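Chemist: here is a sequence with its predicted model. Questions after.
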Amino acid sequence: MRNLRFRRAARTSVLGTAALLAALSLTACQEDGSSSAVDTPSSPTAGTSSAQPENGAEAPAEKGEDTSGTDSASSASGGSGSDSGSGSGSGSSGSGDTQPAAKKPQGGGDAEDDGPVTLACDAKNTKVTITPVSRPLNHMLLSITNTGSGICNAYGYPSLRFGEAQSVPPVFEDSKPQAVASIAPGETAYAGVRTSSADGSGEGGYSTKDLVVGFQGRSGGFSGASANVTLGKDAYVDSSLSVTYWQTDMENALMW
């Protein structure tokens, strides 16, 4: 009996020891396994982010790293391309903004002029002469020759004042030409002058060697410089004194 108890006690002690050893062994294995499963992280390389992109995503920048330079460069590059494109598109105008075109004056005058301004003929740009003619009777031929450097227009008809006359003689209305008599430098315009009636029906006749010739302007009315003409011999004038419009043809001036 005593031996049986001793054996049971010895077996229980052995089993307890074995269980203890097994527990210690299991604990050691777990610690070893846990220790071996954990890797020591390697030190990250300086200037390189330790985070890796997932699914091709761009890795986030490290703290303190400035990415604005790249973005700015990209924006500048893109903007430059856009600007150069618009520059080529607006090259014909030379500017991106549309500027109204300035309206230039025509013919050296105001913007509304159709061409260069033509001066009216007067004593400053013409040479004035008057000569008697044999036909028709009691007529004289008044001539003005352009001495200027440009065309002048002989508007209307001349104003004649023989001697001390106080009025302008009337004009033959039927002698009015279809266009104003324009004379180039060196050319001549003419007007016929009936000094007195051929049948003696005129009144208040007198003789004189003095004559003042006046000129009409573009808007009508006598203006500009007048010419003082000295006749070679006395001219007799009466109430029949009349004059034609300026003509470019001598024969047309002596028809009246």
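Modeler: Perfect, thanks for sending it. Nothing here was measured: the structure is a model prediction, and the numbers come from that model.

Chemist: please, which helix or strand holds the closest residue to residue 159 other than its chain neighbours?
Modeler: Of all residues not flanking residue 159 in the chain, residue 214 sits nearest, at 3.3 Å (C-beta to C-beta, 6 or more residues apart in numbering). For glycine as for every other residue, the C-beta is placed from the backbone atoms N, C-alpha and C. Assigned by DSSP states H and E, residue 214 belongs to strand 206-216.

Chemist: in what helix or strand does the residue nearest to residue 241 when sequence neighbours are not counted lie?
Modeler: Excluding the flanking residues, the one nearest residue 241 by C-beta to C-beta, 6+ apart is residue 169, at 4.2 Å. Following DSSP H and E, there is no helix or strand that holds residue 169.

Chemist: so residue 169 makes contact with residue 243?
Modeler: Yes. Between residue 169 and residue 243 there is a contact at 5.6 Å, judged by C-beta atoms under 8 Å.

Chemist: the more surrounded of the two?
Modeler: residue 243 (25 against 20; other C-beta atoms under 10 Å).

Chemist: for that one, give me its contacts.
Modeler: 142, 157-158, 160, 169-172, 191-194 (C-beta atoms under 8 Å, 6 or more residues apart in numbering).

Chemist: among those, which are located in strands?
Modeler: 142, 157-158, 160, 191-194 (DSSP state E).

Chemist: buried subset of these as a ChimeraX selection?
Modeler: Listed next is the ChimeraX selection for buried residues among the ones in strands among the contacts of residue 243, using 16 or more other C-beta atoms under 10 Å:
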select :142,157,158,160,191,192,193,194
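
Chemist: pLDDT added to the ones in strands among the contacts of residue 243, as a markdown table?
Modeler: Converted to a markdown table, these look like this (pLDDT from 0 to 100):
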| residue | pLDDT |
| --- | --- |
| 142 | 98 |
| 157 | 97 |
| 158 | 97 |
| 160 | 97 |
| 191 | 98 |
| 192 | 98 |
| 193 | 98 |
| 194 | 97 |
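
Chemist: before we move on, the earlier item: in the contacts of residue 243, find the pair that's most separated.
Modeler: Pairwise distances across the contacts of residue 243 (C-beta to C-beta) peak at 15.2 Å, for the pair 142 and 170.

Chemist: now whichever strand or helix holds residue 132: buried residues?
Modeler: Following DSSP H and E, the helix or strand that holds residue 132 is strand 126-133. Judged by neighbour count (16+ other C-beta under 10 Å), strand 126-133 contains these buried residues: 126, 128, 130.

Chemist: quick one: list the elements packing against it.
Modeler: Judged by 3 or more C-beta pairs under 8 Å, 6 or more residues apart in numbering; DSSP states H and E, strand 126-133 is in contact with strand 139-146, strand 206-216, strand 222-237.

Chemist: out of those strands, which one sits most buried?
Modeler: strand 139-146 (a mean of 20; mean count of other C-beta atoms under 10 Å).

Chemist: quick one: residues in contact with that one.
Modeler: In contact with strand 139-146 (C-beta under 8 Å, 6+ apart) are residues 121, 125-133, 152, 154, 158, 160, 183-195, 213, 235, 243, 246, 250, 253-254.

Chemist: same thing but 7 Å
Modeler: 121, 125-133, 152, 154, 158, 183-195, 213, 235, 250, 253-254 (C-beta atoms under 7 Å, 6 or more residues apart in numbering).

Chemist: same question for stretch 248-256.
Modeler: 133, 136, 139, 141, 172, 175, 181, 189-192, 194, 244, 247.
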